[in-house]
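Chemist: Show me the folded form of this:
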Amino acid sequence: MTPKETRGPGDMISTLVFAGTGLWLASAALEGLRPLSLTLLLWLSALMCLAAAARHLIARVVARWRAR
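Modeler: Next up, the predicted model:
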């Protein structure tokens, strides 16, 4: 995404959904009432959702790193 592109309401909604889902999955993983394999999958899913929520920040950091 170039800096000139604007983000619409759909993009904001998907960011909030990714963040909310990531937090919900992390809280489910913290309960500790599941087998270890399921807990690890919950953590992995939570991290991926939170990374998706931060996708614009990650893209900016990578673009700055490539520009050096």
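
Chemist: I'd like the distance between residue 28 and residue 34.
Modeler: Distance of residue 28 to residue 34, computed by C-beta to C-beta, to the nearest Å: 8 Å. From N, CA and C alone the C-beta is placed, and that goes for glycine too.

Chemist: When those two are compared, which one has more neighbours?
Modeler: residue 28 (17 against 13; other C-beta atoms under 10 Å).

Chemist: Could you list which residues are in contact with the residue nearest the centre of the chain?
Modeler: By C-alpha atoms, centre = their mean, the mean C-alpha position of the chain lies nearest to residue 50, the distance being 2.1 Å. If a contact means C-beta atoms under 8 Å, 6 or more residues apart in numbering, then residue 50 has 18, 19, 22, 23, 26 as its contacts.

Chemist: What is the burial count for the second one?
Modeler: Using other C-beta under 10 Å as the criterion, residue 19 is surrounded by 15 other residues.

Chemist: likewise the third one?
Modeler: The number of residues packed around residue 22, counting by other C-beta under 10 Å, is 20.

Chemist: Adjust the sequence numbering to begin at 46 for everything that follows.
Modeler: Right, with 46 as the first residue, what we last looked at is residue 67.

Chemist: Test my guess that it contacts residue 94.
Modeler: Yes: the pair formed by residue 67 and residue 94 meets the contact definition of C-beta atoms under 8 Å, at 3.4 Å.
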